[in-house]
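**Student:** No sequence on hand, only this structure:
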């Protein structure tokens, strides 16, 4: 008799979160509207799963897009990391909108010039934490 799949195996095979699925679809639509595409690969680590895009051109820059189960980030030119994290936004929709603005700003102004940037709802560097 065949053994049943372990709960850990089933958990690893489950679909990504609704947020990640919606965010990826919105990013793909944003790219299509600009005449571009991105090939995403699902990465399954020990503690997290996410989608990572192949490098894509954004203006004079190269970007890799990372969509996690509850946040989204972009690595620009292999050195500049910018991320939108769920605790900094009032809703998942607000996070996705901010992330799309981050992507749209890269061709015009390039990446944030520090090592990394946590993007808040106002688009500024720094983290806004709310008491919940």
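**Tutor:** Right, received. Where do you want to start? Please read all numbers here as calculations on a predicted model, not as lab measurements.

**Student:** okay, now the closest residue in space to residue 95 that isn't next to it in sequence: neighbour count?
**Tutor:** With sequence-adjacent residues excluded and distances taken as Cβ to Cβ, 6 or more residues apart in numbering, residue 95 is closest to residue 89, at 4.2 Å. Quick note: C-beta positions are derived from backbone N, CA and C, even for glycine. As a burial measure, residue 89 scores 21 neighbours (other Cβ atoms under 10 Å).

**Student:** how much space between residue 89 and residue 80?
**Tutor:** 21 Å (Cβ to Cβ, to the nearest Å).

**Student:** Then residue 19?
**Tutor:** For residue 19 relative to residue 80 (Cβ to Cβ), the value is 24 Å.

**Student:** Ok, residue 21 next?
**Tutor:** Distance, residue 21 to residue 80, using Cβ to Cβ: 26 Å.

**Student:** likewise residue 97?
**Tutor:** Distance from residue 97 to residue 80, counting by Cβ to Cβ: 21 Å.

**Student:** Looking at these two, which has the bigger crowd around it?
**Tutor:** residue 80 (19 against 15).

**Student:** Tell me the buried residues in stretch 96-103?
**Tutor:** By 16 or more other Cβ atoms under 10 Å, the buried positions in stretch 96-103 come out as 96, 98, 99, 100, 102, 103.

**Student:** starting at the chain centroid, how far to that stretch?
**Tutor:** 9 Å (Cα atoms, centre = their mean, to the nearest Å).

**Student:** Could you identify the longest strand within the chain?
**Tutor:** strand 61-68 (DSSP state E).

**Student:** That strand pairs with which strands?
**Tutor:** Sheet partners assigned to strand 61-68 using DSSP bridges are listed as strand 49-53 (antiparallel), strand 56-58 (antiparallel), strand 71-76 (antiparallel).

**Student:** Return the most buried member of those.
**Tutor:** strand 71-76 (a mean of 23; mean count of other Cβ atoms under 10 Å).

**Student:** got a list of contacts for that one?
**Tutor:** Residues from elsewhere that reach strand 71-76, judged by Cβ atoms under 8 Å, 6 or more residues apart in numbering: 23, 27, 58, 61-66, 81-86, 95-96, 99, 102-103, 106, 110-111.
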